[in-house]
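Novice: have a look at this prediction, sequence included:
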Amino acid sequence: MAEKKKEDMKKAQNEKEAEKVDEVTEEAVEELTEEALEDIVEEEVSELDEALARAEEWENKFLRISAEIQNIQRRANEERSSILKYRSQDLAKKILPSLDNLERALALEGLAEDVKKGLEMTRESLVNALEEEGVTEIKADGAFDPNFHMAVQTVPADDEHPADHVVQVFQKGYQLHDRILRPAMVVVAQ
């Protein structure tokens, strides 16, 4: 019996030791599991942060490119409308000297009535064609405006012509919509 008791005691001692080993093992496993979980969580959070940063970077690039595309489209539309608006500029500049010559011819004395009438009709058709394209004559009466007039000569101001007013027009000026094709060449009272 003594042996049985010894065996039972050994068994009990072995069981206690096994329980202690199990407890220590469980604690170690818990610690390892918590550490491993923390590592995994940290790693996944880090990957998520990187992915979010890359997504934000791509979103910013997308927004910048979208804005740039809109600006390019807007500029192209503005340029297209400007080209359409001023498409007759070169032709008008080439026709203006002919119109000037017609007006000089009409100012000559002693023209036959039928020749004068033909010149007037030609002049009117040119003026109408230019007006249809948006070309208009710059008014050169009244105050001198350096934006529309070019002073080629000055004369002293008097009662009839106050200072900084146009006295005489040497050559008519023309504009296409809001763009000056040629300023009016004028004499200005000073």
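Specialist: That came through fine.
Novice: which residues of the protein score low on pLDDT?
Specialist: Residue ranges of the chain with pLDDT under 70: 1-2, 18, 21-22, 24-25, 27-37.
Novice: please enumerate the strands of it.
Specialist: For the chain, the strands defined by DSSP state E cover 135-138, 149-155, 166-171, 173-176, 179-182, 184-189.
Novice: which outside residues touch the longest one?
Specialist: This means strand 149-155. Contact with strand 149-155 is made by 138, 140, 144, 161, 166-167, 170, 173, 183-190, as judged by C-beta atoms under 8 Å, 6 or more residues apart in numbering. Glycine gets a C-beta too; all of them are placed from N, C-alpha and C.
Novice: contact partners for Leu130?
Specialist: Each residue near Leu130 by C-beta under 8 Å, 6+ apart is listed here: Ala92, Ile95, Leu99, Thr136, Tyr174.
Novice: please redo it, this time with the cut-off set to 6 Å
Specialist: Listed by C-beta atoms under 6 Å, 6 or more residues apart in numbering, the contact partners of Leu130 are Ala92.
Novice: in stretch 121-128, what counts as buried?
Specialist: Neighbour counts over stretch 121-128 (16 or more other C-beta atoms under 10 Å) mark Arg123, Leu126, Val127 as buried.
Novice: oh sorry, the question was meant for stretch 133-143
Specialist: Neighbour-count burial for stretch 133-143, with 16+ other C-beta under 10 Å as criterion, is recorded at Glu133, Gly134, Val135, Ile138, Ala140.
Novice: can you check stretch 99-113 too?
Specialist: Across stretch 99-113, burial judged by 16+ other C-beta under 10 Å covers Leu99, Leu102.
Novice: which residues are in contact with that stretch?
Specialist: Applying C-beta under 6 Å, 6+ apart, the set of residues contacting stretch 99-113 from outside is Leu119, Arg123, Leu126.
Novice: out of the residues you listed, which comes closest to Ile65?
Specialist: Nearest to Ile65, judged by C-beta to C-beta, of the contacts of stretch 99-113 is Leu126 at 50.0 Å.
Novice: I'm done for today, thanks for sticking with me.
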